[in-house]
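Chemist: here is my input, please return the structure:
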Amino acid sequence: MRSELYTYRDEQGTELFDLPDIPLPTTNASAPPRFLPEFDNLLLAYVNRSRIIPAPFHSSVFLTVGRVRATFLVDGFVAGTWKVQRAKEIAKLIVEPFELLSKSIRSELLIEGERLIHFLENDAKSFEVQFA
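Modeler: Next up, the predicted model:
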C-alpha cells in the first residue's frame, strides 16, 4: 500500500504514513481539551510517550502495579488527572491539573467536564466539576 499512502518523517527521522488528500493541521492549530479514561490506548500504545506526556508527570499517571490514571489533554498533551466522587445523589468530577491553567482552558475543561460527569453519572440529581 506504500504507493497509496503519503509519507512523512518525524523528529527522529522515522518514516510515518498517512492517507492521501487528508489535510494536516497547521502548526499553530490547537486541540480542544479532552478527558481520557484510565488505561486509555493513547497513553499505552507508545514506547516514547514524551510526545503526549511530559516526563516529570509520568509518575503521576503511571502508578504502581500497572495502574494508569484517567487524564485530560490540553492542546494534545496530558495536563493533569481526573476522578469521579459520588456521594448519594451528588456526582462530582475532580480535575487535578499538573500546573496552573489559564482561565480560558479552565473554562473549556469545565464545559467538557460537565458533559463527562453527566454522561458517567446520569442517574445523579446534582453534578459538579471541581478543580483541585
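Chemist: so who does R9 touch?
Modeler: Taking Cβ atoms under 8 Å, 6 or more residues apart in numbering as the contact definition, R9 lies against 15-16. Backbone N, C-alpha and C define where each C-beta goes, glycine included.
Chemist: same deal with A124?
Modeler: Each residue near A124 by Cβ under 8 Å, 6+ apart is listed here: 86, 89-91, 117.
Chemist: so which helix or strand of this protein has the lowest pLDDT on average?
Modeler: helix 41-44 (a mean of 86; mean pLDDT, DSSP states H and E).
Chemist: which strand in this protein runs the most residues?
Modeler: Secondary structure of the chain per DSSP state E: the longest strand is strand 77-87.
Chemist: identify each buried residue in it, please.
Modeler: Judged by neighbour count (16 or more other Cβ atoms under 10 Å), strand 77-87 contains these buried residues: 77-82.
Chemist: ok, these vs R51, which is closest?
Modeler: Nearest to R51 among those: F77, at 8.5 Å, using Cβ to Cβ.
Chemist: so who does the residue nearest to the closest one when sequence neighbours are not counted touch?
Modeler: Closest residue in space to F77, ignoring its immediate chain neighbours: I52 at 6.3 Å, by Cβ to Cβ, 6 or more residues apart in numbering. I52 sits next to 42-43, 46, 73, 76-78 when contact means Cβ under 8 Å, 6+ apart.
Chemist: now do 7 Å
Modeler: I52 makes contacts with 42-43, 46, 77-78, as judged by Cβ atoms under 7 Å, 6 or more residues apart in numbering.
Chemist: including distance to F35, could these go into a markdown table?
Modeler: Converted to a markdown table, the contacts of I52 look like this (distance: Cβ to Cβ, whole Å):
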| residue | distance to F35 |
| --- | --- |
| L42 | 11 |
| L43 | 13 |
| Y46 | 19 |
| F77 | 14 |
| V78 | 11 |
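Chemist: which stretches in this structure count as helices?
Modeler: For the chain, the helices defined by DSSP state H cover 41-44, 58-61, 103-120.
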